[in-house]
Structures are given as C-alpha cells and as structure tokens.
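Participant: Any chance you can model this:
(4 chains)
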Amino acid sequence: MAITETVKPVRTAHVQRERSRTKDESQLCVSKGQRIGLAVGFLLIFAVPLSVGNPFLISLGVTIGIYAIAAIGLNVLSGYAGQISLAQSVFVGVGAFAGVALAGLAELPLLVWLPATFIIGGLAAAIVAPLTLRLKGVFQIVLSLGLIFVGTYIFVNSTVFTGGNSGISASPALSLGFMDFGNLVVGGMAYGYQQGLFILVWLCVAASMIAVVNMHRTRFGRSMIAIREAETAAQIAGINTNGVKVKAFIIAGAFGGLAGGLLLAQLRYVQTHQFGINMGLELLIIAVVGGLGTTWGPVIGAAIISAIPVLATQYAEYIPFLQEDFSQSGEIGIPVGQVGLLIYGLALVLVMVFEPRGVSHWFKIGGEKLRSLGSGNRAVVDVRKPS
Amino acid sequence: MNAQRRHIRQSPDRLSASKLLSVENLSVAYSGGSISALEGINLDVHEGEIVALLGVNGAGKTTLLRAVSGLLGLHGGAVRSGSISYQRKNLGDESPWGRVRKGISISLEGRRVFTDLSVQDNLKAGGYTQSKSAAAKAYQNVVELFPVLARKRDLAAGLLSGGEQQMLAVGRALMQGPKLLLLDEPSLGLAPLIVNQIRDIIVEINGQGCSVLLIEQNVGTALSIADYAYVLDSRRVEHHGTAQEMLADDTLRDLYLGIAAPAAGRKLNKEAVR
Amino acid sequence: MLNVESLRLEFGGVVALKDVDFSVEMGELFAILGPNGAGKTSLFNCLSGLVKPKGSIQVNGNEVIGKKPHEIADMGIARTFQNLGLFGSMTVAENILVGSHLQIQGGAFTAAIRWPSVFRSERQARRNADELMELMNLLEVRDSVVDTLPYGIRKRVEIAKAVASKPSLLLLDEPVAGMNHEETETFVEYVLELKKQLGLTIVLIEHDVAMVMRIADRILALDFGEVIGLGTPAEIQQNERVIAAYLGATDESDAQTELLMEGAISE
Amino acid sequence: MNNFIQLTASGISLGILYALVAIGFAVLLKATGHFNMLPGALVLLGAYLTYQFHVLWSLGFILAVALAAVVCTALGILGERYLFSKLSGKGHKSIEHLSVLLVSLGLISIAQAAVVSIWGPLNYLINDPWGLDVVRLGGVAIAVRDIWAVVLSLGLLGIFYYIIQHTRVGVGMRAAANDPEAARAQGINPHVISATAWAMCGAASVLAGMMLATEIGGGLVPTLDQVAFTALPALILGGLSSLPGCIYGGLALGLVQTYASGYVPESFGQGFASALPWVVLILLLVVKPSGFAKTLETRRA
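Facilitator: Have a look, this model is predicted:
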C-alpha cells in the first residue's frame, strides 16, 4: 500500500523506461522476433507434413511430438518443481488405455476422447500425488519405481481396456467435423494418416508449450521454482508448498495422459509392457538431456533421444558394428534392438558429466551470442548507496 | 596497503619461538569465486602458543580454520591467493586427511560428534590415522583428561549432554596426536561452569606441547588463556596483539558491547583499513 | 502487536528456549541479542512456524503456534534467514515477485489459459516490485540472477523479498553478518528508511552489538535459551549478565578477566 | 503343511538374496552419501561374468565367482573415481543426488545393452555345482540351491558385519556415513572408504546375481537388473541403513512374495506376487511417511 504512494514523486524517466519494458514480461512473446518465431512455428506445423513425402520421417516426427508432450509434463514436475519421477510412463499408459476405452470401445469423437485422456491422466496423478508429498530424494524415486510395478500390475489385469499381456487395438476417431486429421484433404489433395496426425500432435505440442510458458512466467511457475530452490524459504513467503507440488503432479499426469492418447492414435495398437520402466526412464532421460526446467528442453530432448534409435534401426546396414541378426553368438556387435538402450545410457552419462544444464543450454548460449552481436552488452552495475 | 599488511610488527618475544603455522596473504572465496570470505589474511601460530581468533559472526573465522584444515572444498570454497605453511612447508592442495597425518587436527563448530557411534567408536574414528599402540596411548591420555568419556564409553554419542559431546569432540581430535589443534567455538551453547572446565583442559593440552588456534565468542575466556590474538572483521585481520594488549584495547569493547571507551591505554598496531 | 508468553522449545532433551516472555509494540525496532547458541534463531523459527514450541505467540491477538509457515506468512509476518533464504537461480525481480506471492492472484490453470485477470494482477505485481526495487536501489540488478550478485546486494534483495509481501511484522535474522562497516551502515539506512516508509514493526537478531545499541528501541538479551535482560540499549549496556555473556564469565579468580571487567565497568 | 515349509524355505532363500542386494545399495548410500543404482548393473554383470568364466572359459566355479566379484568391484571403483566423484560440487545437494542417480541409471542401460551385445538375448544355464538337487526332510523337498543361497549369503553378511563393527575401516565407514566432514577431519580418507564400500557391494551383488541366475526356471536372463530393483523395497523397509535392517527387510519381502505366489488365489490377477512388495511399500509410506524417511533425510541435513 504505502510503497506506491511514497515512491511516486521521485520516479525518474529511467524507471518509466524500465516499466514499459517490464509490462510485457509475463506475455508469451516478449520481443518482436519471438512473435515472428511463433508464427513461423505454427506455419511449419502445417507446412512440414504437407510438403515432406517420406512417410518414415513424418512418422518419426509424430513420435518425437508425442514423447515431447509427455516430457513437457515431466519437465513441469521434475524440472520446475524439482520432484523426480520415473513413473511418467504410467500416466502415458493411463492415457492410452483411457483412449482405448473412450475412442476404441465407446467410439467417442476426437473432441471428447482426447481431452478426456488429458483429464484422466491428471486424475490418476491426483490420486498418487499425496503419497509422495512428504518424501524426498531417494524415497521419492523408489516410490516412483514402485508405481511403475503397481501400474503394470493394474494394466495387465484390466484386460477389458488393455488386453492383458497380448495388447489391444483401437482406431480412434480423429475428426473435428470440418476437418479430419485421420483423412486429411487439402486443396483436393488427400494426405496419409500420419501426415494428418503430425498436424494434430504438433498442435498439441504447441498448446502444451504455450500453457507451460504461461505458467512458468506467472505466480504458479515461480512457486514451483521457489520450492525447488529452497522449500523453507518458499513456505515463509506464503507458498502452500504441498498444494503446489500436488498441482505439479497433476499437470505432469495430464500431459502424460494426453501423450498416451496420441500414442494410441499413432500406433492404433498398445501393449501393457510398453508403459514400463524403460519408457519411464526414456522420458526422464529426454527431460534431462534436453535440459530440466527449460522451455525447449523436452522438445530438443525428444528429438535427440527418441529419434536416434529409430534412425539407427532404419539405417542399420550403413552403420558399422550394428548387426540385425544376433543368432550367431560369440561375435561381438551391437544388436539393433539394443541401440536405444545404449544411446539412452551414453546420452545420460555424457550430459550429466559434461553439461548438466542440458543440450538446450547450448542453444540458449548460441541465441544469446547472436543477440549480443546485434545489441552490444549491457553491463550489470553494482549499486551500493541508497538514492 | 598490501605491502603494509605483509609486514606485521611482531612482539619481540614472539619472534624467538619457531613458527608452526604461517598464513600469508590468504584470500578465500566461496561459490566459484562469487563470494569473498577472506581477504589478505596474515596470521602465525608459534610452537607452544595458544592463539585466539576473535570477531563477529560472518567475519571469516570459521573459513580460516577450514582453509587451514583443508575442508574448504566441501563447502564450495577455494583458496584464491596466498599460502598456508605448516612447519615451514607450504600445505598447498594437501587433502584434509593428509593434514591430519601431518599433525593438524580440528574440532569443528557445533561439536559434530558421530551421533550414531558409541563414545568409544568415536574415539577410535579419531585414532584412524594412528598405529594401534599410538592409538591406545592416546586413548589413555584422553580418558585421563576426560574421565566421563571412559564411564560412558558404550553410550551412543548422540545421547551425551552438550558439554560431554564437546569433550568428546576435543578428545577425538586429541586421539590424532596433533601438534596443532584447531578449535572452533568449543564453548558454543555451554553453561559457564563447563566453559571453564573446557578452558582448563585447553590449557592442559597446551601444556602437553600442543599449539592451539582457537575461535571463541567469549572474549574474556579466550584472552584469559591465549598468548596472542587476532580480531577478524569483515574478512580481514583488523587487529592483532598479545592478550595483554588486547585486553587494554577499547575498540574491542566497542566491537562487543557497543560501549565507546575514552581513548585510554596503548593503541595496537592496527592496520589502517577503516 | 507481538506477544510471546512462556515460550518453551526442546529438541530431544536439549532445552533451546526456556520460558521466554516478551512483547513488541507496534512500530518498534526490537532487537534480540545473545551469543551463538543462545536460542535466537530458534525463537525466530517458533515465530515463523518452522518448529512447534509450547506456550503462546500472539500476533495482533491471533495465535501463531500450530499454524503452518505459509499460513503465518498470510498473517503478515515476513522474515529473512541467516544464511540467505533466496532462490539462487531466479533473478532479483523474480525473487521479489515470489515475495509478493500473497498479493498476486492466479493458479496453474488460469495462467495456462491466459485468463485476463491473472495477467492484470501479474502486471500490477511487477509494477509494485519495480517500485520496491527502486526504493531499495536494486533496479540496475533487476534481471541479474541472484547467485551472481555480491553478498551485500543479495542481503538487500532478501529484505526486499520479505517486504514485498507487505508484512506488518518483519523478522530479520543477522542481516549484517559478514558485511564490512560501510556495507553495514548502508544497510541500516535502508532498513530504517523502509521502516519509516512502510510503517513496519521489526524484530532483529543481531550479533553486531554496536549497531544494535545504536538503532534498537528495545533489546532482549538471551543466553542458554533464557532471558537475561530486557530493556533499552542503555539499560542493557549496564546489565552484568549481558556483559558476562559477551566479555567473559565473572570468574573472580582470573586476574586477566578482572582486568577486562574493570575496564568495562569503569565506563 | 509341507507346502508351507517348502514355501518358507524358498521364501527365506529369496529373501536373503534380496537382503544381499539391499546391502549393496545400503553400503554405497552410507559410504558415498548418494543413492546409486549401479548395484543393479553389477548383479546383472556378475551373473554373466560368472557364466563367461565358468562355462565358456572352464574356470573353477568358486574362482569364477571370485573373479567376477573382482571385476565388478573394479568397475565400481572406476565409476566412482571417474564419473560419480566428478558430479559433486556442481550445485545443490539435491542436484548432486539426482546426477548420481541418473548417471547410474545410464550405466545400467549401457550394461544391459552390453550384455545382450556380448552374450545375446537367450537364456543360459550357469552350470552351478548344485544343479537341481533336492534334499528330502520328512516329505519336504528343499532345493540344495536354496540351502547354499542361505549359507553363502549369511557367511558373506557375517564377514560384512565383522568388517563394519570391528575393523578400523569399518569404524571409518560408520563415521563417514554419520558426518562426512567430521570424518575427513579425523583423517579418514574418503577414497579408501568408498573403495571398501564398492568391494563389499561388488561381492554382495555378484553373489546375489549368481544365485538369482541359478533359480529354478529362471536362469541367466538380461533382465536380472530388474530383479535387483525389486530389492529396493527391502532397503526401505529395513530403514535404509543398517545391515540387520536389510536382512529383516529382505526376509520379509521374500517371504511375503513367496507366500503370495503360493496361496493367493488366481482372482488377484497376474503378477500379483511381484507387485505385492511395492504395494506393501506404498501402504507403509502412506501410513508412516516420516518413520523411515527420517533416517536418511535428517542425517543429511
């Protein structure tokens, strides 16, 4: 109250300039360049699938997008709020099987079943979240491992939605009414299923990123980071730390569920053991390799981590030491199926040892260098005396 | 300014004894250099001396002991410049455990006994670097100094009272057979009677030939046993002198009680920093 | 406005605070003095809800004990920490915005969908934060990450963060520890200015006796968790138990201590 | 009744192996202060190395196990020296914990890929000396392998107990676990402590891995590391720290799991026995979240 009144008379032109600059800080795009970037990004979401003919690359793009969404959720929980979880795969599974139930069995339209996977993923997380509240570090990680095993048990035994061990197929509807992503026709040209799906998935990625950026730049995002940095100090500042952690969990679960629904749309056949520890680990690795607590980290991480094994499998014959046939034991070579594991492991070790801030940090440094070339550096001045 | 600080005037009787520890122009910073903790510290401990380190919280006393004992790294600190010599050899990057083997022992602030271990195991841990026979001899010495530790030897150290824990902490350091003992606030949170007891024991340890570098909040206690004292303020040595000189110094009282005394007594060889 | 009655705190058999009674008047600068380990920080932890003591703490007639820290913050109590309670990877502005958390609206969902009122409240908070930064002369480091700033400035950021919640009672835990005299002087000026402008009541833990004697309205002296003195700076300076706690036990047999005591008493 | 005794016997043998793996995690946690998942990889590698030395290179069985333990210990010490120790001091304690955990998970992935690359994805028999022999005790058939599992494990745990309680390095380990800084101040060399911990971890993991690979119907499979994860509830049930705690936790886990597989009706669904330890763990965490959480968190503070 008092601050506003007392300071007014001494406000300087300098402050006015600062103020006009700060006005936009909670906005999505702070600068003009970012606004152009956003527009170009949206354009690419439509342009890429419609211009790239290679179905393999389009399908790879879809996979990257789906993993990016799941990792965006995990990044909120682990990157911003600092709560480590290996169990993100369980919520992806919940979303996928919710998709089977709603889109496959109940044959509901896209606008119902896809948001429903988001909500159901969040609800599942809401049930689990209170368990982890008072746990820290090791306990949290072990608990999340436990969730994977319990989750797998529940999936395997909910045969109606999951088909038990043998998996289940479903063909979800992808039509918005005026536009069918599953059967895209633009200007008289018909496009493939994966091409339409690419647009849907990357629109979801864009929406997720925008939502997270909005959260990050406002009260809730700061609360999460404050908890990560110093929980006691956050409480003293009036933050309900338990409430914020539960919300972060729910957000992670919801994005996981959404990714699960989209994964179902891509594969049209899902199996319980897909959502086990390997996917959980892969998602955590994506978040870490991309850079925990960064906006672009999950997308960059997904592009690196989920693309490399797929590419390796596709182009195995051109890469030395890879062998597709491992029946002749005794001969040393890396079976194609193991490339993923090997790459995850190596990526994780190398990133943690050499650049714990993640690969997106390199992009950030690169961007800053470009910008400083344009504008020249502003030095930070040390101020000591009161005015 | 720097040159001035490097040539600290020594009281004549101090120069005759040989230097055990010599800190020269030491600067220390934490967090990769972003927080400066000590600037241009010069300090000597001669053989057989008790040297007190005085000063308000945050002045850098504990940091100085960490630097001497090699424990800075654990707190994200590092020596930026200057040197620490012990027995006329530069300690350099010697590890904390290496320094213990050389004869520098520390009793950390807040006692830091191994709460889960029995009193006896605490002392065993203290004698980690010693041979079996040397450890046994040191153990005899420690339980003679602190009979209470022998009585409670099978009790978990966490169950001891504050005073007993402090005795255990000092006893544990003595198990290493130190030539230089660093004590960080041995009277912290202890009742006056026990503070006196600990003070007497420090004198006795010193009498056995062990030099002591002591951080103490209670100026009276510290100066009553110290031969020489340094006052740290905001990362620098602000005053130093013999205990007698210190006791007569009014700025010290100003620092500790906010009572500005009239200009009386001798002025110390004070570095003109203010 | 703050009323503490028979406050008692134990940790596993060790008594940290023993029947502490005092009250602080509105608009007062109240200092708590005592050697290390005397229970000063424990007292603050009781006031901000980090530990659960016995007894009673009332702020403007409302009981504090039993409430969670964030609920106590909501009652208008803010504090700083001895070893800096800042969020290191955030900028100065963001730290202050976390401080003004209680003044801002909006949750996760409303933010995600860009609900207009949330962003209005956010903009207002940023304006207030800028004004506070100007008052504390922090505008030039506004966008610097806190971890990269010098200690003295970080201390100032922490005060700004605490004040941003518009508290009625501000608890400062050793705010000038580790500062040199010039920095201390500057810092005291800031605190006094803030106190005047915002009408704050301040409770201050401090080890720098000289500074406390100069600025405090009243002083509470603690030793071994017990109150050994309560009164104006002049009264405290004459208090023998306080002198003993700082300058040495009144051990008559010790000639050197006697010498010192004479010096102190002959003032 | 006979069925019950039989189940109890195999429950105890499974439980004691869980205890061994849990001890591997626990000594590392105590000696280095970080939760490290690498023992999972050592269980896997230990079993395969035993196979390599014993079956493929025809070395004696005991020698093969011992050699495998030496190799695993060496891998652990190398990992500690060149990877894990590089991760500390790069920021917050919690970030440090996370880095160690993630790097160890990465190493597990690499180990899995390496095992399949070198030995292939098929099951193998490890040609253990006891094979499928059983001892009959009044109508109850107890596998010789179970008896060996208990005897060898208890023997190793006994040695560990002696080392921890009665040797100088054991006192050093306990001291370092209690307060790492104060331990350094006593002249205790943390490298020696962590090397000892890795040796203990290597020995326990290899023995457990070898025994798990001889399980009837199990054999040597590239997913043995996931069996190691199943020992984590035992670690937490046992309070994360003490050797006896790990044994109680392991035995409780092994018995619960074996009884569940023997008695729980089909209607509980597939895989109930393997999910049960985790369910128990989660229920315990709900009922008493601070109880065993205290042990670690307050000490690290």
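
Participant: what are the ranges of the strands in chain B?
Facilitator: Taking DSSP state E to define them, one finds strands in chain B at B:19-30, B:35-46, B:50-54, B:77-86, B:89-90, B:104-107, B:180-184, B:211-215, B:228-233, B:236-242.

Participant: With respect to C:Arg156, which of the ones you listed lies nearest?
Facilitator: Distance to C:Arg156, taken as Cβ to Cβ, is lowest for strand B:35-46 among the strands of chain B, at 14.9 Å. Any C-beta I mention is one placed from the backbone N, CA and C, and that applies to glycine too.

Participant: is any part of that closest one close to chain A?
Facilitator: No: if you take Cβ under 8 Å from any Cβ of the partner chain as the test, strand B:35-46 misses chain A, and the best it gets is 13.2 Å.

Participant: other SSEs contacting that strand?
Facilitator: Helices and strands touching strand B:35-46, by 3 or more Cβ pairs under 8 Å, 6 or more residues apart in numbering or on different chains; DSSP states H and E, are helix B:2-6, strand B:19-30, strand B:50-54, helix B:61-69, strand B:77-86, strand B:211-215, strand B:236-242.

Participant: Can you tell me how far the residue in the stretch 151-274 of chain B that chain C sits nearest to is from C:Asn36?
Facilitator: The minimum distance from the stretch 151-274 of chain B to chain C, using Cβ to the nearest Cβ, falls at B:Gly220 (1.4 Å). As judged by Cβ to Cβ, to the nearest Å, B:Gly220 and C:Asn36 stand 15 Å apart.

Participant: Next: B:Leu145.
Facilitator: Distance, B:Leu145 to C:Asn36, using Cβ to Cβ: 25 Å.

Participant: Over to B:Glu204?
Facilitator: 25 Å.

Participant: Longest helix in chain A, please.
Facilitator: helix A:241-267 (DSSP state H).

Participant: Is chain C within reach of it?
Facilitator: Yes: Helix A:241-267 is in contact with chain C by Cβ under 8 Å from any Cβ, via A:Thr241, A:Lys247, A:Ile251.

Participant: Quick check: which ranges of the stretch 151-300 of chain D have low pLDDT?
Facilitator: Low-confidence segments of the stretch 151-300 of chain D (pLDDT under 70): D:216-218, D:241, D:288-300.

Participant: ok so, going back, any idea which of the helices and strands packed on strand B:35-46 has the lowest pLDDT on average?
Facilitator: Among the helices and strands packed on strand B:35-46, helix B:2-6 carries the lowest mean pLDDT, at a mean of 33.

Participant: Enumerate the positions of the helix ranked longest in chain C that are buried.
Facilitator: Selection of the longest helix in chain C by residue count, based on DSSP H, yields helix C:116-135. Of all the residues in helix C:116-135, those buried under the rule 16 or more other Cβ atoms under 10 Å in any protein chain shown are C:118-119, C:121-123, C:125-126, C:128-135.

Participant: What of stretch C:97-113?
Facilitator: Neighbour counts over stretch C:97-113 (16+ other Cβ under 10 Å) mark C:97-108, C:110-112 as buried.

Participant: Would you tell me which residues of the stretch 151-300 of chain A are close to chain D?
Facilitator: Applying Cβ under 8 Å from any Cβ, one finds that the stretch 151-300 of chain A approaches chain D through A:Thr152, A:Tyr153, A:Val156, A:Asn157, A:Gly164, A:Asn165, A:Ile277, A:Leu281, A:Leu284, A:Ile285, A:Val288.

Participant: Switch the residues you listed over to JSON lines; also include neighbour count and secondary structure.
Facilitator: Listed next are these as JSON lines, based on neighbours: other Cβ atoms under 10 Å in any protein chain shown; DSSP: H, G, I helix; E, B strand; the rest coil:
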{"residue": "A:Thr152", "neighbour count": "22", "secondary structure": "helix"}
{"residue": "A:Tyr153", "neighbour count": "22", "secondary structure": "helix"}
{"residue": "A:Val156", "neighbour count": "19", "secondary structure": "helix"}
{"residue": "A:Asn157", "neighbour count": "17", "secondary structure": "helix"}
{"residue": "A:Gly164", "neighbour count": "17", "secondary structure": "helix"}
{"residue": "A:Asn165", "neighbour count": "13", "secondary structure": "helix"}
{"residue": "A:Ile277", "neighbour count": "20", "secondary structure": "helix"}
{"residue": "A:Leu281", "neighbour count": "23", "secondary structure": "helix"}
{"residue": "A:Leu284", "neighbour count": "30", "secondary structure": "helix"}
{"residue": "A:Ile285", "neighbour count": "25", "secondary structure": "helix"}
{"residue": "A:Val288", "neighbour count": "30", "secondary structure": "helix"}
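
Participant: Next, count neighbours for the residue nearest to D:Thr214 when sequence neighbours are not counted.
Facilitator: The shortest distance from D:Thr214 to any non-neighbouring residue, by Cβ to Cβ, 6 or more residues apart in numbering or on different chains, is to D:Asp128 (4.5 Å). When neighbours are counted by other Cβ atoms under 10 Å in any protein chain shown, D:Asp128 registers 18.

Participant: Just the helices from the stretch 151-300 of chain D, written as ranges.
Facilitator: Per DSSP state H, counting those that start in this stretch, the stretch 151-300 of chain D carries helices over the ranges D:168-178, D:180-185, D:190-213, D:224-229, D:232-237, D:243-263, D:272-287, D:293-300.

Participant: and what of the stretch 151-267 of chain C?
Facilitator: C:151-164, C:181-198, C:209-215, C:233-238, C:240-247, C:255-265.

Participant: so which of those is the most packed in?
Facilitator: helix C:151-164 (a mean of 24; mean count of other Cβ atoms under 10 Å in any protein chain shown).

Participant: Poorly predicted segments of the stretch 251-387 of chain A, please.
Facilitator: For the stretch 251-387 of chain A, the ranges with pLDDT under 70 are A:319-334, A:373-387.

Participant: Could I get the helices and strands packed on strand B:35-46 in JSON lines, plus columns for distance to chain C?
Facilitator: Below are those laid out as JSON lines (distance: least, Cβ to the nearest Cβ, whole Å):
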{"stretch": "helix B:2-6", "distance to chain C": "16"}
{"stretch": "strand B:19-30", "distance to chain C": "10"}
{"stretch": "strand B:50-54", "distance to chain C": "11"}
{"stretch": "helix B:61-69", "distance to chain C": "10"}
{"stretch": "strand B:77-86", "distance to chain C": "14"}
{"stretch": "strand B:211-215", "distance to chain C": "10"}
{"stretch": "strand B:236-242", "distance to chain C": "8"}
